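J.: Need coordinates for the below:
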Amino acid sequence: MTKADNRPPYFDIDPDIALADLGDPMATADFKSISEACARGRTDLSSRGHDESGHKQLRLFSTWEICRYLIPVAQAHFRRVLRQNPDLPQGRSETEGGAKWFSLDEVLKLRGHFAEAGAKGRSYKPYRPKNLPAKIVSVANFKGGVGKTSTAAHLAMSAALDGYRVLVIDLDSQGSMTSIFGGEVQDEWKTIFPLLAGHYARHLRSTNQGRIDRGEAPIPLDETLSDAVDVSASDLIQKTHWPNIDLIGAQLNLYWAEFQIPVWRMQARGWKLWDALTDSLEAEGVLDDYDIVFLDTPPALGYLTINGLAAADILLVPLGASFLEFDSTGRFFDMLHATFASIEEGENIAARALGHDELAFEWDAVRAVITRYDDAQQAELGGLMQAYLGRVLSPHRQNFTALIGQAGEQVNGIYEADYRDFNRETYARGRETFDATYAAFKSLLMGIWRREELEAQASAKPKEAV
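T.: Next up is the predicted model:
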């Protein structure tokens, strides 16, 4: 066929040529070789940006970058403060007389100094009321490819740069979030699985005591459950290359929880699986050690996602500005309603009969966020989605830029990318869209904390009067 024919490529395909290109049939064992090839490629790609010891290393931040993005001070004043306080981190120069560069650890120390000695009224440290626990943020949607993991990772990095202490929990057995933060997870015993198993085991022990008192045979605890009781969250939390981001990672074996949890529920219908994650984090004081906990959930409404959604104070639902993603997200919310309404109804039948308080799930805020947005082609649909979803849809739309794509190729977040590797305009534009995403989230977070702070003050007034 010649170009002059101007016919589509699916005409006149020769069966013998097609057969020659086909290759041999594939068996189950071939999946292993494909998997191993992907693993080699993943190791190669993820190792880029690692230091000589094989670990990810967070880049340094320049004086210009610190003063523009991290600490609200003029560069001249910043340099003057360093000269006047030689005990503060002084940074390092790549060339004699060149720009000073600082680690994030050093930036956090400098921020602390400015918070104590700087100008009044400046927000050198992020807003965080005392005596209130960390906020748990679940990023979820059962449609894949909507930017769920990317959004969660960049929000975690934004919050860390802002000075918050962050814990990231990967609930997705694909482990993409774990890869982004350089986590190493050998098996399911270094994932969230033992916390869920331990929560069930403690419930079972309590139930068994009641069974024994009634003369009934107890339900035996197998080796997995017995071992899980001794696992604490501190055993699972690992440091990352970010000084104020810690991680509970995931790997493929975590998916086993989706099969194991329904078995546990059948054995003990009274076990409140939706409380397992929250109870475990609260019991060990994890919510006092951090400011924000981000949960990256699987792209399905399974048992792990239910745990993540039930634990959340804030639910973020990323989606693209397309009909299919809008339609799918609507079905996601419909399934959320059906799932949690069913749990409430099942629990409240017994609660009403016993005169106990009824179960009612509640989230401080729920927001949908448009990701990978192209204003030139999606403005009309974006406006239509805003009209239907109203306040639930964040008015900020996260643009897709070249910086996002290039950073993704390096298995990095855009905040990990050195701005000198990009065209300055590209960097500023790419960062701008994620900065705006974080600003919308931070406003949400601060509003929730402020509401709780005022409620706490109001409830304390009668006691003070007495």
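J.: Check G145 and give its pLDDT.
T.: The score at G145 is 76. That number is its pLDDT.
J.: So it belongs to a strand, correct?
T.: No: using DSSP: H, G, I helix; E, B strand; the rest coil, the secondary structure at G145 is coil, not a strand.
J.: Could you report the neighbour count for it?
T.: Other residues within reach of G145, judged by other CB atoms under 10 Å, total 12. Placement of C-beta: from N, CA and C, glycine included.
J.: P72 versus that one, what's the distance?
T.: Noted for G145: a distance of 37 Å to P72, by CB to CB, to the nearest Å.
J.: Name the next helix or strand downstream of the strand or helix carrying N307, please.
T.: Assigned by DSSP states H and E, N307 belongs to helix 303-311. Toward the C-terminus, helix 303-311 is succeeded by strand 314-319 as the next helix or strand (DSSP H and E).
J.: next helix or strand past that following strand?
T.: Per DSSP H and E, the first helix or strand lying C-terminal to strand 314-319 is helix 323-354.
J.: Buried ones in that following helix, by neighbour count?
T.: Residues E325, F326, S328, T329, F332, F333, L336, T339, F340, I343, E347 are the ones in helix 323-354 that count as buried (16 or more other CB atoms under 10 Å).
J.: can I have the helix holding N307 written out in PDB, keeping just the CAs?
T.: C-alpha atoms of helix 303-311 as PDB (Å, rounded to 0.1, in the frame of the first residue of the first chain):
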ATOM      1  CA  TYR A 303     -12.000  -3.300  52.900                       C
ATOM      2  CA  LEU A 304      -8.700  -1.300  52.900                       C
ATOM      3  CA  THR A 305     -10.400   1.700  51.300                       C
ATOM      4  CA  ILE A 306     -13.300   1.400  53.800                       C
ATOM      5  CA  ASN A 307     -10.800   1.600  56.600                       C
ATOM      6  CA  GLY A 308      -9.100   4.600  55.000                       C
ATOM      7  CA  LEU A 309     -12.400   6.400  54.400                       C
ATOM      8  CA  ALA A 310     -13.800   5.700  57.800                       C
ATOM      9  CA  ALA A 311     -10.600   6.900  59.500                       C
END
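J.: what's the spacing between it and its chain's center?
T.: Distance of helix 303-311 from the chain centroid (CA atoms, centre = their mean, to the nearest Å) equals 13 Å.
J.: Quick check: which helices or strands does that helix pack against?
T.: Other elements packing on helix 303-311 under the criterion 3 or more CB pairs under 8 Å, 6 or more residues apart in numbering; DSSP states H and E are strand 135-139, helix 257-267, helix 276-283, helix 323-354.
J.: so which of the ones you listed comes closest to A197?
T.: helix 257-267 (7.6 Å; CB to CB).
J.: Check which residues of that closest one are buried.
T.: A257, Q260, I261, W264.
J.: what's the burial count for the nearest residue to the second one once chain neighbours are set aside?
T.: In space, Q260 comes closest to A197 once its chain neighbours are excluded; the distance is 7.6 Å by CB to CB, 6 or more residues apart in numbering. The burial count assigned to A197 is 25, neighbours taken as other CB under 10 Å.
J.: secondary structure element for A197?
T.: helix 193-213.
J.: Give me the angle between that helix and helix 276-283.
T.: Going by axes from the mean of the first three to the mean of the last three CA atoms, to 10 degrees, helix 193-213 is angled at 90 degrees with respect to helix 276-283.
J.: Helix 193-213 to helix 257-267, inter-axis angle?
T.: For helix 193-213 against helix 257-267, the angle by the same axes, to 10 degrees is 10 degrees.
J.: who touches the following helix or strand past helix 193-213?
T.: Next along the chain after helix 193-213, taking DSSP H and E as the criterion, comes helix 223-228. Residues outside helix 223-228 that contact it (CB atoms under 8 Å, 6 or more residues apart in numbering) are F193, P194, L195, A197, G198, Y200, A201, L204.
J.: Backbone torsions only: list them for the residue nearest to L389 when sequence neighbours are not counted.
T.: Nearest non-adjacent residue to L389, counting by CB to CB, 6+ apart: A368, 6.0 Å away. The phi/psi pair for A368 (degrees, to the nearest 10) reads phi -90, psi 140.
J.: One more: N6?
T.: Main-chain dihedrals, N6, degrees, to the nearest 10: phi 50, psi 40.
J.: how about D235, secondary structure?
T.: helix.
J.: give me every residue that touches it.
T.: P194.
J.: What's the local residue count around D357?
T.: 7.
J.: Which residue, other than its chain neighbours, is closest to it?
T.: Nearest non-adjacent residue to D357, counting by CB to CB, 6+ apart: A351, 6.6 Å away.
J.: pretty sure the one you found contacts E344?
T.: No: using CB atoms under 8 Å, A351 is not in contact with E344, being 9.5 Å away.
J.: Give me the buried positions along stretch 418-438.
T.: So, applying 16+ other CB under 10 Å, buried residues of stretch 418-438: Y419, F422, Y427, R429, G430, R431, T433, F434, D435, T437, Y438.
J.: nope, stretch 128-139 is what I meant
T.: Buried-residue list, stretch 128-139, by 16+ other CB under 10 Å: R128, P133, A134, K135, I136, V137, S138, V139.
J.: how long is that stretch from one end to the other?
T.: Taking CA to CA, to the nearest Å, stretch 128-139 runs 21 Å from one end to the other.
J.: ok, back up a step: any chance of the contacts of helix 223-228 in CSV, plus pLDDT and distance to D235?
T.: Formatted as CSV, those follow (pLDDT from 0 to 100; distance: CB to CB, whole Å):
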residue, pLDDT, distance to D235
F193, 96, 12
P194, 96, 8
L195, 96, 9
A197, 95, 13
G198, 95, 11
Y200, 95, 17
A201, 94, 15
L204, 93, 21
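J.: what about the protein, any weak spots by pLDDT?
T.: 1-4, 42, 45-54, 401-412, 462-466 (pLDDT under 70).
J.: Count the neighbours of L254 for me.
T.: Quick note: L254 (other CB under 10 Å) scores 26 neighbours.
J.: I'd guessed it sits against P194; true?
T.: No: using CB under 8 Å, L254 makes no contact with P194, being 10.6 Å away.
J.: Overlap in contacts, these two.
T.: E188.
J.: R7: helix or strand, and which one exactly?
T.: R7 belongs to no helix or strand, assigned by DSSP H and E.
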